Each structure stands twice: as structure tokens, then as C-alpha cells.
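1. next come a sequence and a model predicted from it.
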Amino acid sequence: MDLRQKNKHLFSRACFGISLEDYHDPKPINIAVVDLFPKGIPGKLEMITDEEWAINSPAAMKAMEDIEERKARKKAFNARTKDMSLLWAQAMVTTSFPFLEKMALFWHGHFAVRINNPYFDQKLLHVIRGNALGNFGDMLRTVSKSSAMLEFLNNRQNKKMHPNENFAREVMELFTLGRGHYTEEDVKEAARAFTGWAYDGNGAFVFKGRQHDSGEKKFLGRNGNFDGDDIINIILEQKQTAIFITQKIYRFFVSDEKIDEQRVKLLANQFYESKYDIGTLMRSILTSEWYYDDALIGAKVKSPVELLVGYQRMIPMQFANDKTILNVQRLLGQYLFYPPNVAGWPGGRSWIDSSTLVARMRLPEAFFRSKELDLNLKESDAEMADGHRAPVSKDTQPTKQFKVGRVDADWCAYLAYWKVYKMEDLPEAIAAYLLPGTISKQRLADVTAFADEDRIEEYIKSLTILLMELPEYQLT
């Protein structure tokens, strides 16, 4: 694999695709990887101010005498979760550090929360983006004390004499150790340790001593008067935590199915020895020779968010109705801030079925030809696109049609880059840029036969759209 293709693979996996500038002028991988890391802490994505939350908090709502007005106000405020989704999606498109946002997207699925509270969602996103390439232990502690997580996993109901095990169980099963590496007794004892963890009216963490079980606990073979921080520290002492996190990162950034256990073991050891430094782990992965093996090219399916952000970073576009982005997220199965459950999105081949593949292959025509397409959302998905919580049931549900409205794409920079090529060289050159791996000459000829040859600009546009409609474009 030449340096250009290595750069393309790096940017496709670690970011949302490679820019024409980086594709044209590839760098040595060690330098390219260094350049991916942001300098300093990213700016916060702020949508809900503290003042706005003060007049929409449960306490403020409770003080309202008009019940119908209270319901309407709560519904309108909670619906702003969709605005948070749009805000973050736009940040992924415009950011100068897409690697940071890609890491944050990973952690968003790892620490999956669905609470329909945009203010708490915003606070959790601050934590995830601020720690996405930092220390996993620090992020785990802060996420565990976030109002979003405590609310979603019912830890405010976890009190002395009446422990609630939801939070304690998921911290081990989904966030750190993985199933099979703890006992039911460990869950019960950890739940006792987390009693009293709650948040105040502003969403800030509070420890309620009266609700805390201060008795001795036995957890993962240790005995002591443990509180929640002690439990997290003990979990981080387990090398299995490093293994579990490394496995998940490997699946997300390397391969969904081709898991090299020996590589994972070596990476996990480095991760553990670095005291859970995420940046160190990612540098080890992205600078490894094996990361650029031909067998790993096109070995992953793009998630819906990766696909949509990739389109927009390649060719800037304006949507006549921003709601289109939300509807397409839901249609394809990944609506930001609405994971299907606490386990997050399963990823891999689950992104693709007969209906979503057809929808994916029709999107380039809609986005880049300003064609209105009628697509079908499940009724529950349509509700979620309007900002309401949908049921988790996977039962067959009625569908609701929506249109992909007008999209104005700015082709200028893209066309300028390719117009210097001879027309006969364009199919192979554009295919090498857009598709993972190689495409056979016959297959490329079959695609090219449908391209518009009237003008060079239309030829480039039509060829690009035709290639993006291929199943191969869904892979990275």
C-alpha cells in the first residue's frame, strides 16, 4: 500500500474521511498521526445556558400552577435534544480536529445514555469530548457522577436499605470489566457502595451521606468500608478493564469481526501500564504497520453518522430543512443522544439490512442532485426525530413517509481539484479516492458507462455520485 492510500485509510478510520488537500499531499504516518491530536482542550458545545435550565428545571416546572402549560413547556424543552444532535453533527462537519469528534462518538456509544434532557446531555457531552483522548479513569469517574448517567441508570433511587443495582451492574458489565468478570454478589456490594450518589437541581453531583450505606462490603475479593470512588478504583486496578476497553476500541477503529487477540493483549498491556492513557493507546494502534494491512481495508461498515458527516466534509452542503439530518439519522439507525439502550449501538453489520442499504445508496442522488426522495421512517423513529422518546421495542411498526428536501451542495473546491485530470484518467482516480481498496476495471467501466459526458463538470459530478451509490462506498 502506498503512502497516499495509507493516509486515506488513516483518515477514513480515525476521522470521517480524508480531505482532498491531505489526499493530494500525504504525510509520513507518524507525522499524520501527531497532527490528528488537538492542541489543548476543545471548546464546549453550548446550547442550553444555565439561566435557561433554571426556568426549565423540574423545580421551576413544579412551581407552575397551570398543568397544561407545564406539560407544554416540558415537552418543548425536552424536544431540544434534537438541537443538541444537530449542533454536535455540525461540529463534526466543521471541526479542524475530526479525530477528537470521532473519539467522542465512540465514547458516546460506550457510555450510552438516553434521558430526553438536553441540559444533562450537554453536560455529559462536555465530559466526553473533554476526556475523549485523555485518561479513561478520569472520564469514568466523571461520567459516573454526571447527572445524565445517574438519572438514566436510576442511581438517585439507590439508597441505604433500598439499593438499586442498575448503575453498579452496568458500570461493570458495559463500561469496564465485561460480562463474566464479576459475580452477582459483586453487583450487590457495589450497589451498596454507590448509595447516596445523586445530583442537585443544577445537575451537579452531590453525595447524600444519610442515604449512603457505610457498612463493610466485599467487592472483587477485597474487603472494606467502600464508597463509590473506592469501587471505581478497584475496577481500574483490574487488568481486565484495560482488556475490555481495548477490545471495544479495536472493534470500532480496526475491525468488527477480525479480532487479533494477541494484538489486543499487547495493546491492553500498554494501556494498563500507561494508567489508561487513551492517547497512548490510539497512537500505538494508528502507527502500527499492521493497521495498514490490506486485510483491514474495507473491513468495517460506516456508521450512519460517519456516512453523513463524510458526505458533508467532502462536499459542503446546506439543507433547506435541518430536520432532514435528524430523519436520516433515524432512518439509518443512529440518532445522536438516542441510543437504542444502555449497551449503545451494536455497530458492524447491524448497520446494514435490505432497507437501510437501499436508503444509503439513494442518498447521494438526494444530497448532490437536490432530488427529493420519499423515505419511510418507523412511526417511533419519526416521533424521535420530532424530539420525543421512542419505545425500545423492535416489533414491526407502521411507517411514516418523509421527504429528503432540497440540498444545496457546493461543488466548487471538489471540481477544481479533479478538473486538472484528463477525462480518461478520472474514473480510476476518483474511485481510488472514494472507495476502500480497488475496484475491477470491468466494474469501473460498467459504472462509468452511466456518467454524463456532456461537460467535464457534469462528468465529475455524475461519476462521483455513481461511485458513492456503490455498496463498496458503505465500507471503510
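-> Cool, got the structure.

2. may I see the buried residues of stretch 159-171?
-> Using 16 or more other Cβ atoms under 10 Å as the test for burial, stretch 159-171 gives 159-160, 163-171. All C-beta spots, glycine's among them, are computed from the backbone N, C-alpha and C.

3. and the residues you listed, which is closest to Y473?
-> Taking Cβ to Cβ as the measure, Y473 sits nearest to E170 out of the buried residues of stretch 159-171, at 35.5 Å.

4. kindly list the main-chain dihedrals of Q318?
-> Here is the backbone geometry of Q318 (degrees, to the nearest 10): phi -120, psi 130.

5. shouldn't Y473 be in contact with A431?
-> No. Taking contacts as Cβ atoms under 8 Å, Y473 lies outside contact range of A431: 10.0 Å.

6. overlap in contacts of these two?
-> L467 (Cβ atoms under 8 Å, 6 or more residues apart in numbering).

7. now name the helix or strand holding V206.
-> When elements are defined using DSSP states H and E, V206 is found to belong to strand 205-207.

8. list the buried residues of that strand.
-> V206.

9. in its sheet, what does it sit against?
-> strand 197-199 (antiparallel) (DSSP bridges).

10. let me see the ranges of the helices in the stretch 1-150 of the chain.
-> Counting by DSSP state H, counting those that start in this stretch, the segments of the stretch 1-150 of the chain that form helices are 3-14, 20-24, 29-36, 50-54, 58-62, 67-78, 81-94, 98-110, 118-131, 136-144, 147-152.

11. which parts of the third one are buried?
-> So the one you mean is helix 29-36. 29, 32-33, 36.

12. max pairwise distance over those: which two?
-> I29 and L36 (10.6 Å).

13. that older thread, what are the contacting residues of the strand holding V206?
-> By Cβ under 8 Å, 6+ apart, the surrounding residues in contact with strand 205-207 are 145-147, 150, 196-200.

14. do that again at 10 Å, thanks
-> 142, 144-147, 150, 156, 195-200, 227-229 (Cβ atoms under 10 Å, 6 or more residues apart in numbering).

15. make a PyMOL selection of the buried ones in those.
-> Selection of buried members from the contacts of strand 205-207 for PyMOL, criterion 16+ other Cβ under 10 Å:
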select buried, resi 142+144+145+146+147+150+156+195+196+197+198+199+227+228
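
16. next SSE downstream of the strand holding V206?
-> Next along from strand 205-207, by DSSP H and E: strand 217-219.

17. now for the next helix or strand after that next one, which elements pack on it?
-> The helix or strand immediately downstream of strand 217-219 is strand 222-224, counting by DSSP H and E. Other elements packing on strand 222-224 under the criterion 3 or more Cβ pairs under 10 Å, 6 or more residues apart in numbering; DSSP states H and E are helix 184-193, strand 217-219, helix 228-237.

18. put together JSON lines for these, with mean pLDDT and distance to K44 on each row.
-> Formatted as JSON lines, the helices and strands packed on strand 222-224 follow (pLDDT from 0 to 100; distance: least, Cβ to Cβ, whole Å):
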{"stretch": "helix 184-193", "mean pLDDT": "98", "distance to K44": "31"}
{"stretch": "strand 217-219", "mean pLDDT": "98", "distance to K44": "35"}
{"stretch": "helix 228-237", "mean pLDDT": "98", "distance to K44": "25"}
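
19. could I get those in JSON lines, plus columns for distance to D25?
-> Output for these, formatted as JSON lines (distance: least, Cβ to Cβ, whole Å):
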{"stretch": "helix 184-193", "distance to D25": "52"}
{"stretch": "strand 217-219", "distance to D25": "54"}
{"stretch": "helix 228-237", "distance to D25": "42"}
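
20. quick one, which of these is nearest to G109?
-> G109 lies closest to helix 228-237 among the helices and strands packed on strand 222-224, at 19.9 Å (Cβ to Cβ).

21. and after that closest one, which helix or strand comes next?
-> With DSSP H and E setting the assignment, the helix or strand that follows helix 228-237 is helix 239-253.

22. list the contacts of the closest residue to A198 other than its chain neighbours.
-> Nearest residue to A198, sequence neighbours excluded (Cβ to Cβ, 6 or more residues apart in numbering): R156, at 4.8 Å. By Cβ under 10 Å, 6+ apart, R156 lies in contact with 147, 150, 164, 167, 196-199, 206, 208, 211.

23. and what of G298?
-> G298 touches 9, 12, 435-438, 472, 474-476, counting by Cβ under 10 Å, 6+ apart.

24. between the helices and strands packed on strand 222-224, which one is closest to L444.
-> When these are compared by Cβ to Cβ, helix 228-237 sits nearest L444, at 50.7 Å.

25. dump the contacts of G298 to CSV, plus secondary structure.
-> CSV is the format used below for those (DSSP: H, G, I helix; E, B strand; the rest coil):
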residue, secondary structure
H9, helix
S12, helix
L435, coil
P436, coil
G437, coil
T438, coil
E472, helix
Q474, helix
L475, strand
T476, coil
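
26. among these, which one sits closest to E273?
-> Nearest to E273 among the contacts of G298, with distances taken as Cβ to Cβ, is H9, at 27.5 Å.
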